[in-house]
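Student: Structure here, sequence nowhere to be found:
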């Protein structure tokens, strides 16, 4: 249960058994913490469950200096339909189980004592809410002073100015019936139809940017040019990437790009290029580990059916949840 409210970065949440309730939410500041009482009326189902009364909390050791202060907007609860007779935190748990475990709506309906249609409606309602919250509050572009403070020791020696690491990840999707979409989503690398997204992390594995989804046919360079990432760059930034990102010509003045050396056209690399490539590979491995954490959500690791829409929101939510579980 604690992971649900940890997603929204609430310091302490008191859940009432039924009827009306008062919710106490702590707004986390970088220098201080203040508790603000919010009077909210939430409608729960008439039959209370045994574990509905509980107080949960978590440590705010990392998020505090990064985000400053914020809390879950009360407007979120006002947008929920009142026809759903399921507690709000149970609805959120259902959504998280759908993402993490990849359970079908029929299975979720039986677990929560509701119909399959209601379970599908709950996911459809919460999906845009969570995606918007993750974009605005969780997946944030960190300022330079914060990057300096959180940069690991492995970067400080050879890449002290590294701002972020980028790479593309592919999500398998069912082969579309439309021939044009089938051609646009076919990946020559994976020999399968896929969606492709640009993933950008800070040196400490914090997700800073997630692009919209492109077809698997799109190249890494094309996605980087059209994802909106370039607008975040400022002079003095250093981008770390794999050798497929030949984007030097589109980078703003003063921004440098570090990619492994190319072996095409030469029998062997000079000694200094081999050393530089090895050092770069030792830090680029961070983004591979972060993408592996993203694929830990079963809904993204399995083949996504063609009937599922708004996969961009699902990727954004999963990326934001990865930020809430940094270790």
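Tutor: Cool, the structure landed. Just so it is clear, the model here is predicted, and its values are computed rather than measured.
Student: And for residue 310, the neighbour number?
Tutor: If you count neighbours by other Cβ atoms under 10 Å, residue 310 ends up with 13. Every C-beta, even on glycine, is put in place using the N, C-alpha and C of the backbone.
Student: The stretch 151-300 of the chain: helices as residue ranges?
Tutor: 153-156, 179-185, 220-226, 271-294, 298-301 (DSSP state H, counting those that start in this stretch).
Student: do you know which of these lies nearest residue 136?
Tutor: helix 271-294 (19.5 Å; Cβ to Cβ).
Student: and the closest one, which residues are buried?
Tutor: Within helix 271-294, the residues that count as buried by 16 or more other Cβ atoms under 10 Å are 276, 277, 280, 283, 284, 286, 287, 290, 291, 293, 294.
Student: List the residues that contact the last one.
Tutor: If you count contacts by Cβ atoms under 8 Å, 6 or more residues apart in numbering, residue 294 has them with 169, 199, 300, 315, 318, 319, 322.
Student: Now a ChimeraX select for only the buried ones of these.
Tutor: This is how ChimeraX selects the buried members of the contacts of residue 294, with burial counted by 16+ other Cβ under 10 Å:
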select :169,199,300,315,318,319,322
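Student: any idea which of the contacts of residue 294 is the one closest to residue 206?
Tutor: residue 322 (9.0 Å).
Student: shouldn't residue 251 be in contact with residue 238?
Tutor: No: contact between residue 251 and residue 238 fails when scored by Cβ atoms under 8 Å: they sit 10.2 Å apart.
Student: okay, and the common contacts of these two?
Tutor: Joint contacts of residue 251 and residue 238 (Cβ under 8 Å, 6+ apart) are residue 257.
Student: Counting neighbours, what do you get for residue 154?
Tutor: 14.
Student: gap between the nearest residue to it once chain neighbours are set aside and residue 302?
Tutor: In space, and not counting its chain neighbours, residue 154 is closest to residue 283: 6.1 Å by Cβ to Cβ, 6 or more residues apart in numbering. To residue 302, residue 283 is 30 Å away according to Cβ to Cβ, to the nearest Å.
Student: And residue 101, by the same measure?
Tutor: 11 Å.
Student: Adding pLDDT as columns, could you present the buried residues of helix 271-294 in JSON lines?
Tutor: Formatted as JSON lines, the buried residues of helix 271-294 follow (pLDDT from 0 to 100):
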{"residue": "276", "pLDDT": "81"}
{"residue": "277", "pLDDT": "82"}
{"residue": "280", "pLDDT": "87"}
{"residue": "283", "pLDDT": "88"}
{"residue": "284", "pLDDT": "88"}
{"residue": "286", "pLDDT": "90"}
{"residue": "287", "pLDDT": "92"}
{"residue": "290", "pLDDT": "93"}
{"residue": "291", "pLDDT": "94"}
{"residue": "293", "pLDDT": "94"}
{"residue": "294", "pLDDT": "95"}
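Student: can you pull the contacts of the residue nearest to residue 172 when sequence neighbours are not counted?
Tutor: Residue nearest to residue 172 in three dimensions, not counting chain neighbours: residue 303, with 4.6 Å by Cβ to Cβ, 6+ apart. Taking Cβ under 8 Å, 6+ apart, we find residue 303 in contact with 172, 173, 174.
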